[in-house]
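K.L.:
Next come a sequence and a model predicted from it.
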Amino acid sequence: MAAILRLPGGTDDAAEIVEALIAAAETREHTAPEQALRWRWLANDIGDALDALPAPHQ
């Protein structure tokens with residue numbers, strides 16, 4: 001499934017979301033490990049999508 005995210009800060013905002021998901025997963029590692037794993041998967045999937053984008057033109 002694909003999704004379109006419209007973020008005012010562009011890829012910087014998306015990268016911040018990835019960082020937030022990873023930080024949130026770390027806080028849930030012991031209390032909700034399944035949720036932490038899901039958030040890590042989401043962060044990885046979004047990160048992979050960001051990596052696949054073409055480099056911005058200078």
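P.N.:
Sure thing, it's come through. Residues are numbered from 1 along each chain as shown.

K.L.:
how about the helices in this protein?
P.N.:
With DSSP state H, the ranges of helices along the chain come out as 11-28, 33-52.

K.L.:
Output the contacting helices and strands for the longest one.
P.N.:
If I follow you right, that is helix 33-52. Where contact means 3 or more C-beta pairs under 8 Å, 6 or more residues apart in numbering; DSSP states H and E, helix 33-52 is packed against helix 11-28. (C-beta placed from N, C-alpha, C; glycine too.)

K.L.:
So which bits of stretch 46-56 are buried?
P.N.:
By neighbour count with 16 or more other C-beta atoms under 10 Å, stretch 46-56 contains the buried residues 46, 47.

K.L.:
what's next to that stretch, contact-wise?
P.N.:
The contact list for stretch 46-56, computed with C-beta atoms under 8 Å, 6 or more residues apart in numbering, reads 11, 14, 15, 17, 18, 21.

K.L.:
rewinding a little: now the helices of the chain in CSV, please, with extra columns for mean pLDDT and distance to residue 1.
P.N.:
Listed next are the helices of the chain as CSV, based on pLDDT from 0 to 100; distance: least, C-beta to C-beta, whole Å:
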stretch, mean pLDDT, distance to residue 1
helix 11-28, 96, 17
helix 33-52, 96, 10
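
K.L.:
related to what we said a few turns ago, who wins for neighbours among the contacts of stretch 46-56?
P.N.:
Counting by other C-beta atoms under 10 Å, residue 21 has the largest number of neighbours within the contacts of stretch 46-56, with 21 neighbours.

K.L.:
Can you lay out the helices of the chain as TSV showing distance to residue 2?
P.N.:
Rendered in TSV, the data for the helices of the chain read as follows (distance: least, C-beta to C-beta, whole Å):
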stretch	distance to residue 2
helix 11-28	14
helix 33-52	9
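
K.L.:
nearest to residue 3, of those?
P.N.:
helix 33-52 (9.3 Å; C-beta to C-beta).

K.L.:
any idea how far residue 18 is from residue 44?
P.N.:
8 Å (C-beta to C-beta, to the nearest Å).
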